[in-house]
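quick one, what's the 3D model for this:
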Amino acid sequence: MPHPLKLYSYWRSSAAYRVRIALALKQLPYETQGVHLLHGGGEQRRPEFIEMNPQGFVPTLRDGERTITQSFAIIEYLEEKQAQPALLPTGVRERAFVRAVSLVIACDVHPLNNLVVQQYLERELGVDEAGRTQWMHHWITRGLSAV
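Below you'll find the model as predicted:
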């Protein structure tokens with residue numbers, strides 16, 4: 001019998017990795033559907049995937065007929081779907097701290113260094129590999145230093 005949860009994921013996606021960690025911590029069974037971001041121009045660009053997730057990003061979680069996109073929305077959904085074990089501490093200040101650290105990574109570091117940004121820097125702006133590496137180091141260092 002198939003699991004009710006189906007995660008569309010790419011093995012190198014840090015956003016998908018966040019969701020896989022949450023699923024593992026919550027011990028929720030799920031099926032993985034690989035979405036290779038490079039093969040054939042990117043499987044996430046296929047019409048059937050865009051129909052499910054118009055942004056064309058992984059992760060995407062299907063729970064029956066419900067589709068949830070964006071790693072933090074998925075993680076919050078899992079937390080609300082199954083409260084235990086909890087992913088967040090019980091104290092309001094501690095939860096705020098965990099959310100702040102998580103959002104530094106998810107909003108300030110990750111988006112500036114993901115595949116679509118790297119491809120844009122290369123293809124549209126002509127930034128060479130050394131320049132893209134410098135870009136990534138800058139934003140990763142800035143974000144992780146704040147953490």
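
gap between stretch 5-24 and the chain center?
7 Å (CA atoms, centre = their mean, to the nearest Å).

and the longest helix for the chain?
helix 129-146 (DSSP state H).

just the mean pLDDT for that helix, thanks.
Confidence over helix 129-146 (mean pLDDT, whole number) is 95.

helices or strands next to the helix or strand containing residue 122 in the packing?
Using DSSP states H and E, residue 122 sits within helix 115-123. Using 3 or more CB pairs under 8 Å, 6 or more residues apart in numbering; DSSP states H and E, the elements in contact with helix 115-123 are helix 129-146. (C-beta placed from N, C-alpha, C; glycine too.)

quick one: contacts of the helix it packs on?
104-105, 108-109, 112-113, 118, 121-122, 127 (CB atoms under 8 Å, 6 or more residues apart in numbering).

may I see the buried residues of stretch 46-63?
49, 53, 56-63 (16 or more other CB atoms under 10 Å).

dump the residues you listed to a markdown table, plus secondary structure, pLDDT and distance to residue 95.
Shown next, in a markdown table, are these (DSSP: H, G, I helix; E, B strand; the rest coil; pLDDT from 0 to 100; distance: CB to CB, whole Å):
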| residue | secondary structure | pLDDT | distance to residue 95 |
| --- | --- | --- | --- |
| 49 | helix | 91 | 33 |
| 53 | coil | 94 | 28 |
| 56 | coil | 92 | 31 |
| 57 | coil | 91 | 26 |
| 58 | coil | 93 | 26 |
| 59 | coil | 96 | 22 |
| 60 | strand | 97 | 26 |
| 61 | strand | 98 | 22 |
| 62 | strand | 96 | 27 |
| 63 | strand | 96 | 24 |
